[in-house]
Structure formats: C-alpha cells, structure tokens
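> coordinates only, sequence not included:
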C-alpha cells in the first residue's frame with residue numbers, strides 16, 4: 001500500500017471565491033485496460049484552504065455492477081466489491097456479479113473473468129482520501145478483462161455537486177493531469193489561481209487540461225498488448 005500526496009497552494013482571494021461559489025475539488029484516476037468503458041469521478045474534497053493537502057493510499061479492489069450505458073453524469077452503483085492485491089483474479093459466475101477472488105493473475109494487473117451468461121459492468125476501485133473504495137472508471141465485462149492502475153490523476157475545481165462513481169466523459173472545467181511516476185516519495189505540489197489557472201509551467205509532471213476536453217484519451221489507456229494478453233488469458237481459462 002503506497003500513500004500518495006498532493007499539495008495545492010492558493011492565495012486568499014482564490015480560496016475566497018471558490019468558497020463563495022461553492023466549488024469543490026474532484027479527482028479522476030487513470031486506468032490501463034483491455035475493456036471499453038468511461039472515466040468516473042473518484043475522489044472529492046469540499047474543504048478548501050490556502051494550503052490544501054490531500055493524501056490517499058493506492059489500495060485496490062475489483063467491483064461488479066449491473067450493466068448500464070456509459071452515459072455522461074450517470075452514476076455507477078457497485079453491486080459487489082472485492083478488495084484484493086494486484087495479481088488477483090475475480091471469477092464472476094453469479095448473474096448479479098458475485099464471484100470468487102483467487103491469485104494467479106498477471107503481475108501488476110487485476111483480472112476479472114465473466115464465466116456467467118449475463119453482461120455486466122466491472123472495474124477497479126481505489127481508496128479515496130477518506131479511505132473509501134471508489135470506482136476509477138466503469139467498463140463492459142464480456143469475457144476476460146485486465147485492469148492496471150496508472151499513476152496519473154486529473155484534478156478539477158467545479159461548483160457542480162458531482163458524486164463519486166459519476167461518469168465524466170469530458171473535463172469538469174480547466175484542470176490538471178499529474179503524473180505520479182515523476183513524483184519523489186509519491187508527493188507532488190502545484191499552485192492554483194482563480195484567474196491564472198493551474199501552474200503547469202516548469203513542472204514536467206503536470207499537464208493542463210482544457211475546459212470540455214475529452215477525458216477518455218487521458219485516463220483510459222487501451223493498449224494492444226493488454227488486449228492481446230486478455231485474449232491469451234481467455235483461451236487459457238476456456239481449456
């Protein structure tokens with residue numbers, strides 16, 4: 001379990017305007033996957049201060065849910081949630097998404113196998129800043145799908161009261177994508193100004209996100225190698 005930290009520094013005028021207009025901070029976590037899906041809001045912070053500090057632990061679980069369209073602003077309702085380390089396999093046999101977790105998956109990945117006859121949604125949950133498992137994307141579970149957490153997180157300030165598990169296909173406003181692969185001791189810092197936005201200049205770990213920018217290309221990584229590995233795993237499970 002690795003704790004990640006973020007510090008956001010703001011001036012008094014920025015904090016005052018954010019509070020006056022009921023802004024909150026929202027985060028979305030990147031995922032590499034063999035499945036098709038959509039990003040979801042993962043964490044939120046409603047208490048804003050000049051020196052805002054966030055911390056979360058990269059602790060994972062695999063979830064299943066009833067199949068639903070990936071419509072913007074719709075919310076994933078988790079039916080079953082299975083905390084497990086990376087390298088685990090969730091074999092789903094129940095029509096409601098119930099299954100059994102075993103070891104034996106690809107190193108560094110989570111594998112979810114749907115051996116039943118019902119189409120489901122599935123994906124990874126990650127601990128948020130309150131230590132609660134929250135979905136980091138929602139995906140169609142057909143046969144065998146692989147998921148791998150990617151240490152990149154997008155952050156946005158928004159006055160709209162979003163909820164964890166809510167599908168967000170476009171940015172919630174001007175935001176920032178932070179790459180924790182470049183973080184020393186898994187800790188990053190950045191400044192935000194209500195007029196100037198996020199201070200990404202001279203920060204190689206930070207990339208600005210434009211208002212209304214599509215989020216799937218930033219947060220959902222569908223590599224051909226991962227899809228090929230999922231097909232290989234599918235063949236091995238059906239022998």
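On my side now, so go ahead. Note that this is a predicted model, so its numbers are computed, not measured. Numbering: from 1, shown residues only.
> for the lengthiest helix in the chain, what is the average pLDDT?
For the chain, the longest helix by residue count, based on DSSP state H, is helix 224-237. Per-residue pLDDT over helix 224-237 has a mean of 76.
> for it, packing partners?
Packing contacts for helix 224-237, counted by 3 or more Cβ pairs under 8 Å, 6 or more residues apart in numbering; DSSP states H and E, involve strand 110-114, strand 144-158. C-beta: built from backbone N, CA, C; applies to glycine.
> got the angle between the first one and helix 224-237?
Taking axes from the mean of the first three to the mean of the last three Cα atoms, to 10 degrees, one finds strand 110-114 and helix 224-237 inclined to each other by 50 degrees.
> strand 110-114 pairs with which strands, and in what direction?
Strand pairing for strand 110-114, using DSSP bridges, gives strand 88-92 (parallel), strand 144-158 (antiparallel).
> just put those in TSV and tack on mean neighbour count, distance to residue 105 and mean pLDDT.
Output for these, formatted as TSV (neighbours: other Cβ atoms under 10 Å; distance: least, Cβ to Cβ, whole Å; pLDDT from 0 to 100):
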stretch	mean neighbour count	distance to residue 105	mean pLDDT
strand 88-92	21	4	97
strand 144-158	22	8	96
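> wait, which of these is closest to residue 48?
With Cβ to Cβ, the closest approach to residue 48 among those belongs to strand 144-158: 8.4 Å.
> re the thing from before, could I get the helices and strands packed on helix 224-237 as JSON lines with distance to residue 14?
Output for the helices and strands packed on helix 224-237, formatted as JSON lines (distance: least, Cβ to Cβ, whole Å):
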{"stretch": "strand 110-114", "distance to residue 14": "38"}
{"stretch": "strand 144-158", "distance to residue 14": "9"}
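> let me know which of those strands is the nearest to residue 17.
Relative to residue 17, the nearest member of these by Cβ to Cβ is strand 144-158, separated by 10.1 Å.
> so what's residue 169 up against?
Listed by Cβ atoms under 8 Å, 6 or more residues apart in numbering, the contact set of residue 169 reads 38, 39, 70, 72, 214, 215, 216.
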